Structures are given as structure tokens and as C-alpha cells.
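> predicted coordinates and the sequence they were generated for:
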Amino acid sequence: DLFAGPGGLSEGFSSVVTESGAPRFDVRISIEKDPMAYQTLLLRALFRAFPKGEAPGCYYDYVQGSITRDDLFDNPAVKDALALARSEARLAELGTTPSSITDGWIANALEGVDDWALIGGPPCQAYSLAGRARMKGVADFADDKRHFLYKEYLRIIKKFRPSIFVMENVKGILSSKVGGRRV
């Protein structure tokens, strides 16, 4: 899950189950740059690291505000699951963090997997209709690097060749222009 935000696409995909109730999709890696969204992403990865219905009580204690995040993460009941969650949820900025690092994470996550799906929602603020309306008149809008972060998504498709990919469709991506040229 690239440009994962708090993990909405991962949550949706991980909720799809087979007729026997087994998950159809196993989220292996989620990459997000925003520290607050990442905190949610990590917490959800921790929850999914436990078999369905077997998250320990300390998880729910944290969610209900009875204990701190540090108390949750220090609890021995979550030690192994937290290590797995931290290998899945990654705080990094695609397009800024060296691709050798992010590509290494992706390659490790894909080890032993032939059929897989790439999901993600490259930042759309720069080219969505709503984003363009909000940014109208901003002097350096044409230099906003978010215009081109979809290329990082395409680079990863080219390099890792997923069986399928799902990229969030944003109204305006096909009509957005920078310097008079379509994005």
C-alpha cells in the first residue's frame, strides 16, 4: 500500500475473506509519510498481526484510553506482533526517501510471493479539481512536487510487476496541467 495514509485501502483489502473465512489479501507493506497517519497505520497493522478475535486486552485498553501507547508497545503480549507491524507499516516519503531503501522494503515484503496486488493513492492535492481550486493563485503551485508523485507509483509497478494494481482515481488527474502540459 503506497501513499497509505492511515490505511483505508489496506483495511478494505484485508477485510476480504475466502469462503472459509481466511483473508484473501495479506498486507505486507504500507508506506506513508505523514507521522500522524503513520501512527494509525502502525496501530492497525498491529491489530491485523493477531489472528481474528485474538488481539490481547492491552490493545483494547489502549484504544479505550486506559493505557498509553508506550504501555501498549511495552506489553510482552504484543512484542512479536509489534515487530511484524513495524516491518509492515513504514514511515517514509516516496519520491524523497531513497528508492533503494523503499525498494528493499518492497522486495523483502514480496519474498516468496508470485501473485500480489499493489494498492495506493498518490497525493492528489496538486491535481484534483478541489485541490486546484484551493491552490489557485498560490505562487509556487506549479512547483508542487505532488503533481508528479504518481510517477513513483508507476516506477514501482514497472520494477516489481504486480499481478494487479489499484490506484485511487481522483477527478482531475486527466485534465490537470503544469506549465501548460497535461500531468
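Alright, I've got the coordinates.
> ok, then the element right after the lowest-mean-pLDDT helix or strand in the chain?
None of the helices or strands of the chain scores lower by mean pLDDT, DSSP states H and E than helix 129-135, at a mean of 60. Following helix 129-135 in sequence order, the next helix or strand is helix 150-160 (DSSP states H and E).
> is it true that Ile119 touches Ser10?
Yes: Ile119 lies in contact with Ser10 (Cβ atoms under 8 Å); the separation is 7.2 Å. Yep, even glycine has a C-beta here, placed from its N, CA and C like the rest.
> now do the shared contacts for these two.
Each of Asp1 lies in contact with both Ile119 and Ser10 under the rule Cβ atoms under 8 Å, 6 or more residues apart in numbering.
> now do stretch 22-32, average pLDDT.
Averaged across stretch 22-32, pLDDT comes to 94.
> all numbers from here: first residue = 233
Got it, first residue is 233 now, which makes that one stretch 254-264.
> keeping just the C-alphas, turn that stretch into CSV.
Taking Å, rounded to 0.1, in the frame of the first residue of the first chain, the C-alpha atoms of stretch 254-264 are listed here in CSV:
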residue,chain,number,x,y,z
ALA,A,254,-9.3,-16.8,5.6
PRO,A,255,-8.1,-13.4,4.5
ARG,A,256,-7.7,-13.2,0.7
PHE,A,257,-5.1,-10.4,1.0
ASP,A,258,-2.2,-10.3,3.4
VAL,A,259,-0.9,-6.7,3.7
ARG,A,260,2.9,-7.0,3.6
ILE,A,261,4.0,-3.3,3.5
SER,A,262,2.4,0.1,3.8
ILE,A,263,4.4,3.2,3.2
GLU,A,264,3.2,6.6,4.5
